[in-house]
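Undergrad: Test case, fold it:
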Amino acid sequence: MGCWAKLKSSSWAYPTIVLSLYGFFANCRVAEPFLTPYLIGPHKNISEEVVINYLFPIWTYSYLAFLFPVFLLTDFLRYKPVIMVQGLFLVTNYVLLCFAPGLPAMVFLQVNYAVVTSTEVAYFSYIYSVIPVENYRRATSYLRSASLAGYTFGASLSQVLVSLAGMDYFYINAITLGIVSMAFLVSFWLPMPQRSMFFKGEKTAAVHSQSQQVGPQGAQRPEEPVMDKDEGGSVKEKMEHNGSPGWCSRENVANAGLLLWQSFRESYSSRHLIYWSLWWALATAGYMQVFNYIQPMWDHIEPSATSSIYNGGVEAVCSLVGAAAAFSVGHIKVTWAVWGELALGLFSAVGAGAVFLMALTSSIWACYAGYVIFKSCYMLLITITTFQIASHLSMECYALTFGINTFVALSLQTIITAIVVDETALGLDVVTQFIIYGSYYAAISVLFLIRGIYTACVNHHSLGQTEAEEQGSNVEVISAERF
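TA: Numbers count the residues shown, from 1 in each chain. Below you'll find the predicted structure:
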């Protein structure tokens, strides 16, 4: 009990551990790699065409509708309630999968899952409102590791249960229901943050505005709670919103809008950040389409059979290879500001080739390999992009920039879905869809290869000029010394 009390009194360890536990259980969705076989199988008995061209687009449209309002609501409610809502809707999601029959229930399921995905922003934003700045890096690494571990464990367990135990998909969904219920219960243990990033109140907003003006560019940090000592020498936190307008007052909302606008201007103040954000939005839209429809592609090549498909194993391998690729970014000594855009173009080209391989092959193992290559390339590049954007921004701008980039990506994905996938438009089959996604990624690669070559040439020319000027200066110094 003494150790638990000491842990709870820690300024960062307790919320980090609890949120990591939540992330592990929330991402340990054992049934997810076999969602499509479950929907088109005897339990739900929905045709593959309806799943691809009708059900899945509903999730995309609903996700877009929820994303921006949930982003603002997350900050206004100070994160914890939104995390609890995500946990509750995860439970509802698997209750529907297990026990709700019929197509209308599965339509509601897509809307329900859109709430789950739109609230993911709260998971990574919460921790920055409850821990000191100096612990951001460690806490972030623990949270990402926890979510990755949960996803990998869930995918591996699903493959074992299907291939070795021959377990029915219904029972796999029931197991997942129990696991995500644990996530919902863990969310109650999270401490309630006492501050938010944008809804700060008039006084705090004014201080923040002044700090933005006098602080070094790209080095601003979110404000820390004001600390004071009472007569007994104990440290107590002064609530930032004390003496400021009410939480829902017109002044507070106006100040929040001002801070949002200031953060937006900082986020997109340079071409460098705009180009990285552009790749983020374009590539993520294509990645989400491939990720959403890869199971129907696998089922097209190798029709579902309880012991002959390896969706879970492939997803687990993708997580591990993607994590290794992302981890390697921190240990590769490359000047990403010079060579990063060229890397975006080159690896996007590799990803495009992998998507074409998935579309044109008749071998399930070649399709699996193409998916591993594609997802690993994306994980590598999104890590580089995240680092490049975040290293130039304050935490408030960090959250806002990624939120806007995700919104743009989702808007592009919605347009692609509405034209290519939706049954009311083209309603293309999954193979033709993947040919289009491969062409889309090829266009991205060409765009950034051109931009990357230009950037590398400009930097090389600038470096050559600098070296020539330095050599000229050295010659003048030597000549002066001789005389």
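Undergrad: Helix, strand, or coil at P303?
TA: coil (DSSP: H, G, I helix; E, B strand; the rest coil).
Undergrad: gap between it and F34?
TA: 13 Å (CB to CB, to the nearest Å). In this view, the C-beta of every residue, glycine as well, is placed from N, C-alpha and C.
Undergrad: More neighbours: the two, which one.
TA: F34 (25 against 12; other CB atoms under 10 Å).
Undergrad: which residues make contact with stretch 372-391 from outside it?
TA: The contact list for stretch 372-391 (CB atoms under 8 Å, 6 or more residues apart in numbering) reads 218, 272-273, 276-277, 279-280, 283-284, 287, 290-291, 314, 317-318, 321-323, 325-326, 328-329, 336-337, 340, 343-344, 347-348, 350-351, 354-355, 358, 398, 401-402.
Undergrad: quick one, what contacts the closest residue to I301 other than its chain neighbours?
TA: Distance criterion CB to CB, 6 or more residues apart in numbering; nearest residue to I301, sequence neighbours excluded, is I364 at 4.9 Å. By CB under 8 Å, 6+ apart, I364 lies in contact with 298, 301-302, 309.
Undergrad: how near is I364 to E341?
TA: 35 Å.
Undergrad: Kindly report the same for Y169.
TA: Distance from Y169 to E341, by CB to CB: 44 Å.
Undergrad: try I274
TA: I274 is 12 Å from E341, by CB to CB.
Undergrad: Could you do F356 as well?
TA: 23 Å.
Undergrad: just M84 next, same as before
TA: For M84 relative to E341 (CB to CB), the value is 41 Å.
Undergrad: quick one, what contacts Y54?
TA: Applying CB under 8 Å, 6+ apart, the residues near Y54 are 422-423.
Undergrad: quick check, it in a helix?
TA: Yes. Under three-state DSSP, Y54 falls within a helix.
Undergrad: Name the spans of the stretch 351-483 of the chain whose pLDDT lies under the cut-off.
TA: 390-399, 460-483 (pLDDT under 70).
Undergrad: mind running it again at 80?
TA: Residue ranges of the stretch 351-483 of the chain with pLDDT under 80: 386-403, 456, 458-483.
Undergrad: and what of the stretch 1-150 of the chain?
TA: For the stretch 1-150 of the chain (pLDDT under 80), the answer is 1-12, 72, 75-76, 124-125, 127-141, 144.
Undergrad: Compare M84 and E341 (neighbour count), which wins?
TA: More crowded of M84 and E341, by other CB under 10 Å: E341, with 25 against 19.
Undergrad: The more buried one: helix or strand, and which one exactly?
TA: Using DSSP states H and E, E341 maps to helix 336-360.
Undergrad: what about F25, distance to Y151?
TA: 11 Å.
Undergrad: Also H272?
TA: Taken as CB to CB, the span from H272 to Y151 is 32 Å.
Undergrad: Would you check that L73 makes contact with V82?
TA: Yes. Using CB atoms under 8 Å, L73 is in contact with V82, at 6.8 Å.
Undergrad: Which one's more surrounded, those two?
TA: V82 (25 against 16).
Undergrad: Contact partners for the more buried one?
TA: 70, 73-74, 119, 122.
Undergrad: So which of those wins on neighbours?
TA: Neighbour-wise, these (other CB under 10 Å) top out at T74, 28 neighbours.
Undergrad: Next, the residue nearest to I301: phi, psi?
TA: The phi/psi pair for I364 (degrees, to the nearest 10) reads phi -60, psi -30.
Undergrad: Going along the chain, name the helices of the stretch 101-250 of the chain.
TA: 103-118, 121-126, 136-163, 169-187, 202-214, 250-267 (DSSP state H, counting those that start in this stretch).
Undergrad: which one of the ones you listed is the most hemmed in?
TA: helix 121-126 (a mean of 22; mean count of other CB atoms under 10 Å).
Undergrad: who does that one touch, helix- and strand-wise?
TA: helix 13-27, helix 56-77, helix 80-99, helix 136-163, helix 395-416 (3 or more CB pairs under 8 Å, 6 or more residues apart in numbering; DSSP states H and E).
Undergrad: other SSEs contacting the fourth one?
TA: Yep, that's helix 136-163 we're talking about. Using 3+ CB pairs under 8 Å, 6+ apart: helix 136-163 touches helix 13-27, helix 121-126, helix 169-187, helix 311-329.
Undergrad: and those as CSV, adding distance to V95?
TA: Converted to CSV, these look like this (distance: least, CB to CB, whole Å):
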stretch, distance to V95
helix 13-27, 15
helix 121-126, 21
helix 169-187, 7
helix 311-329, 22
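Undergrad: what about the ones you listed, which gets the closest to L258?
TA: Nearest to L258 among the helices and strands packed on helix 136-163 is helix 121-126 (19.6 Å), distances taken as CB to CB.
Undergrad: Show me how this structure divides into domains.
TA: 8-189, 270-483 (automatic domain parsing).
Undergrad: mind giving me a markdown table with the ones you listed and columns for distance to L258?
TA: Listed next are these as a markdown table, based on distance: least, CB to CB, whole Å:
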| stretch | distance to L258 |
| --- | --- |
| domain 8-189 | 14 |
| domain 270-483 | 12 |
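Undergrad: Alpha carbons of stretch 21-32, in PDB - could you do that?
TA: Taking Å, rounded to 0.1, in the frame of the first residue of the first chain, the C-alpha atoms of stretch 21-32 are listed here in PDB:
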ATOM      1  CA  LEU A  21      -2.500   0.100 -19.200                       C
ATOM      2  CA  TYR A  22      -5.500   1.700 -20.900                       C
ATOM      3  CA  GLY A  23      -3.600   1.900 -24.200                       C
ATOM      4  CA  PHE A  24      -2.600  -1.800 -24.000                       C
ATOM      5  CA  PHE A  25      -6.100  -3.100 -23.300                       C
ATOM      6  CA  ALA A  26      -7.800  -0.700 -25.700                       C
ATOM      7  CA  ASN A  27      -5.500  -1.800 -28.600                       C
ATOM      8  CA  CYS A  28      -5.500  -5.500 -27.800                       C
ATOM      9  CA  ARG A  29      -8.400  -6.100 -30.100                       C
ATOM     10  CA  VAL A  30      -8.000  -9.800 -30.800                       C
ATOM     11  CA  ALA A  31     -10.900 -10.000 -33.300                       C
ATOM     12  CA  GLU A  32      -9.900  -7.000 -35.500                       C
END
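Undergrad: Check the offset of that stretch from the chain's centre.
TA: 15 Å (CA atoms, centre = their mean, to the nearest Å).
Undergrad: Show me what counts as buried in it.
TA: For stretch 21-32, a neighbour-count test (16 or more other CB atoms under 10 Å) marks 21-32 as buried.
Undergrad: Check those residues and tell me the two furthest apart.
TA: L21 and A31, at 20.4 Å, using CB to CB across these.
Undergrad: Quick one: low-confidence residue ranges for the stretch 201-350 of the chain.
TA: In the stretch 201-350 of the chain (pLDDT under 80), the answer is 201-272, 304-308, 322-323, 325-340.
Undergrad: hmm, 50 instead?
TA: 201-245, 306 (pLDDT under 50).
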